[in-house]
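> Just to be clear, the model below is a prediction. Sequence and coordinates:
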Amino acid sequence: MTILVVTGTGTEIGKTVVTAAVAAAARGRSVAVLKPAQTGLLPGEHGDAAEVARLAGEVTAVELARYPDPLAPATAARRAGLPPLGPREVADAALKLATDHDLVLVEGAGGLLVRFDAVGGTLADAALMMGAPVLVVAPAGLGTLNSTALTTEALRARRLECAGVVIGSWPAEPGLDARCNLVDLPEVAGAPLLGAVPQGAGRLAPAAFREAAPSWLAPPLGGSWGPAQG
């Protein structure tokens, strides 16, 4: 795959760290990370694309738009009096990056159907324009089965390919719910479980992060992880 879209079942579940892990595991390949809309930060502050570059190393980091309020991109753009970002602009930017990179990772804001613009354009629309598969980042514990099923059902309804699911923050001492979800997540998603990134992985030193990242991801994402490692 040349372009991989990374979405989540919600906010603050580890999309950026998972994106960085996928980038770090793509050893020997040129990687670009595209953050279409960064919300909740002022100009000059450290954003998600920059964080992926910090953790993963040599990647091309691109951010298309930034809005100061920590809201959905369409709402944040409206409140800031700034132009919104449409799916076509996202797709065009990713396709351009794909001409000279082996892998382009497009990290969304929030979930799959968060609005980018006033006419309801979403990350799903951009993925469809690109013909790109979508990687879903999900939490480990209670509630994740429902939110993951809803997200993957939305993908199927739009005839988008779900590349798989990655758990964005795997606890050091997983409870019964998290351990059972290793089995149940791929069943409800109708897609493979492709990794589990440890809780707090983003706090590792970059060199340690890059060394460990392949152990958190399954072979289709360039790693060695298997569900038994949970």
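Sure, I can see it.

> Please report how far the nearest residue to Thr122 once chain neighbours are set aside lies from Glu58.
Nearest residue to Thr122, sequence neighbours excluded (Cβ to Cβ, 6 or more residues apart in numbering): Leu113, at 5.0 Å. In this view, the C-beta of every residue, glycine as well, is placed from N, C-alpha and C. Leu113 sits 33 Å away from Glu58, going by Cβ to Cβ, to the nearest Å.

> Same check on Cys162?
Counting by Cβ to Cβ - Cys162 and Glu58 are separated by 29 Å.

> neighbour count winner among these two?
Cys162 (21 against 8; other Cβ atoms under 10 Å).

> Report the beta-bridge partners for that one.
Beta-bridge partners recorded for Cys162 (DSSP bridges): Val134.

> for it, what are its contacts?
Applying Cβ atoms under 8 Å, 6 or more residues apart in numbering, one finds that Cys162 lies in contact with Pro133, Val134, Leu135, Val136, Thr152, Leu155, Arg156, Ala189, Gly190, Ala191.

> Could you point out which of these is nearest to Tyr67?
Closest approach between the contacts of Cys162 and Tyr67, by Cβ to Cβ: Val134, at 23.2 Å.

> Let me know the pLDDT of that closest one.
As predicted, Val134 sits at a pLDDT of 98.

> For it, give its distance to Leu4.
With Cβ to Cβ as the criterion, Val134 and Leu4 are 8 Å apart.

> do the same with Gly14
From Gly14 to Leu4 the distance is 16 Å (Cβ to Cβ).

> Find the residues that touch each one of Val134 and Leu4.
Counting by Cβ under 8 Å, 6+ apart, the residues touching both Val134 and Leu4 are Ala163.

> higher neighbour count, these two?
The neighbour comparison of Val134 against Leu4 (other Cβ under 10 Å) goes to Val134, with 26 against 22.

> Which parts of the chain are helices?
15-25, 48-56, 73-80, 87-98, 123-130, 144-157, 176-189, 206-212 (DSSP state H).

> out of these, nearest to Pro36?
So among these, helix 87-98 is nearest, using Cβ to Cβ, at 4.4 Å.
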